[in-house]
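Colleague: compute the structure for the input listed below.
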Amino acid sequence: MEILDYDEERDFEAVHRIWIECGWIGDDKNETDAFRGLIRVNDCIVLPVHGRAECAVMSTPGQIRHLETDLELGVVAAVTTSHVARRLGAAAKLTAETLARQAESGAAVSALGMFEQGFYNRLGFGTGSYANHFRLDPATLVVPRMTRPPVRVGPVRWRDVHVAMMARRRGHGGVNLATAERLERTEMMPEGDWFGLGYEDGPGGALSHFFWGEAKGEHGPYRVSMMAWQNDEQLFELLSTIAALGDQISTVELEEPPEIQLQDLLRQPFRNRGLTERSRHESYQSADAWWQLRMLDVAKCLEGTRLDAETVRFNLALTDPVEGFLGGRQGWRGTAGDYTVTLGESSAAEPGHAPGLPTLNASVGAFSRMWMGVRPASSLTLTDDLAADDALLRSLDRVLRLPSPFVGWDF
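Modeller: Model (predicted):
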């Protein structure tokens, strides 16, 4: 099976059909035009069967933050396989090729949104942190009263939204997506009942903080899908703006901001949950880990790791299953190998093992999760592919006491 770079004239009709078969889009003209634009702003490769593209993978560049350091990120933006190419290994083969190209372009980390846990683990990915989702009556938000009217943020302002997202306050794990045009073609499509509100406190009246989402019906539910702010005051102003919708809207869905425990700001959350149970406007809280990550370059990741902690040194025996999907490809073959790792104020990963140091045995997915602070090392020994003696595990748990990573931008 030969992997090809996407060619619009040759492949558009076939890849468009794949997306329709997957149920991701319809076949009306507006969605077709939008899809054509989406492929143009992503890197895309295809795998033909019987001379026609039957599997396609898209990728886009970005950055991911480790504490206060930004690392180059490759996002696997879409993996789609037609009915014809099922069970041929096409998706895994194309995704592995995408990872290799991301690494060779300089990315240190890759990430994706998973359709289900397990499939991408075969390519070295490990599950990311939980995101807390709230469905609430905005009138129950206990926040300061809104003091000034917001401005509308419509689809035509996708460039302003991208600038605001790139400039938003990001903590550990925060992701930025570099290509502004993706917003125009995905999150901010003009079709549908979309809405956005925000404030223009940036230089020269630039958009500084906003939220964007989907509006349904007279009383909702509304769903906030993007939100950006630069400081605490702006965050609470946005929450106050959402609360003001409670004059008419009965339900708003949003992701919990990392700075706060949203339940602290809800009036009688358990009572409202009980009163609305099984109704169209049911209030609830849920959590899921929808994203995965993996290192593409261990040395780059460790070079960007700066910990306010004691220095710990150990040998790392790292496995990486991706090589099995790369065939005879030359160039990047994954991250498997032996390393000497230093974690501390200055961190590093050097090839080979050093005598006298304890050894950590891990898959790249498990090691990536530990490094990003998704779960501590001692927990990963219970549920993932990671093992070491107790003394080293305790040291790793102390040194890698990190905030839970918060992506803040769906992909």
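
Colleague: so the nearest residue to Y284 once chain neighbours are set aside, which of the three states?
Modeller: Distances taken as Cβ to Cβ, 6 or more residues apart in numbering put R135 closest to Y284, at 5.3 Å, once the chain neighbours are dropped. Using the backbone N, CA and C atoms, a C-beta is placed for each residue, glycine as well. Counting by DSSP: H, G, I helix; E, B strand; the rest coil, the backbone at R135 sits in strand.

Colleague: just to check, R135 is in contact with E277?
Modeller: No: applying Cβ atoms under 8 Å as the test, R135 and E277 come out as separate, 11.7 Å apart.

Colleague: the two: who's more crowded?
Modeller: More crowded of R135 and E277, by other Cβ atoms under 10 Å: R135, with 19 against 10.

Colleague: tell me the phi and psi of D247?
Modeller: Its backbone dihedrals place D247 at phi -60, psi -30, with angles given as degrees, to the nearest 10.

Colleague: and what of M227?
Modeller: phi -160, psi 130.

Colleague: give me the pLDDT value at it.
Modeller: Note for M227: predicted pLDDT of 98.

Colleague: gap between it and H219?
Modeller: Per Cβ to Cβ, to the nearest Å, M227 is found 21 Å from H219.

Colleague: out of these two, which sits in the more crowded spot?
Modeller: The neighbour count for M227 versus H219, taken as other Cβ under 10 Å, is higher for M227 (22 against 12).

Colleague: ok, that one to A362 distance?
Modeller: 35 Å.

Colleague: now do Q234
Modeller: Q234 is 40 Å from A362, by Cβ to Cβ.

Colleague: got it, and L141?
Modeller: Applying Cβ to Cβ, the value for L141 to A362 is 43 Å.

Colleague: with D247 instead?
Modeller: For D247, the distance to A362 equals 53 Å [Cβ to Cβ].

Colleague: tell me which of those two has more neighbours.
Modeller: Neighbours per residue, other Cβ under 10 Å: of D247 and A362, the larger number sits with A362, 25 against 8.

Colleague: tell me the SS of A85?
Modeller: Following three-state DSSP, the label given to A85 is coil.

Colleague: what residues are up against it?
Modeller: By Cβ atoms under 8 Å, 6 or more residues apart in numbering, A85 lies in contact with L47, V49, E54, C55, A91.

Colleague: same question, M370
Modeller: Taking Cβ under 8 Å, 6+ apart, one finds A362, P376, A377, L380, L386, L396, L400 in contact with M370.

Colleague: in strands only, show me the residues you listed.
Modeller: A362, L386 (DSSP state E).

Colleague: picking up where we left off before, of the contacts of A85, closest to R329?
Modeller: Nearest to R329 out of the contacts of A85 is L47 (Cβ to Cβ; 13.7 Å).

Colleague: parallel or antiparallel, list what pairs with the helix or strand that contains that closest one.
Modeller: According to DSSP states H and E, L47 maps onto strand 43-49. Using DSSP bridges, the strands paired with strand 43-49 in its sheet are strand 4-5 (antiparallel), strand 52-66 (antiparallel).

Colleague: okay but L302 is in contact with A348, surely?
Modeller: Yes: counting by Cβ under 8 Å, A348 is a contact partner of L302 at 5.4 Å.
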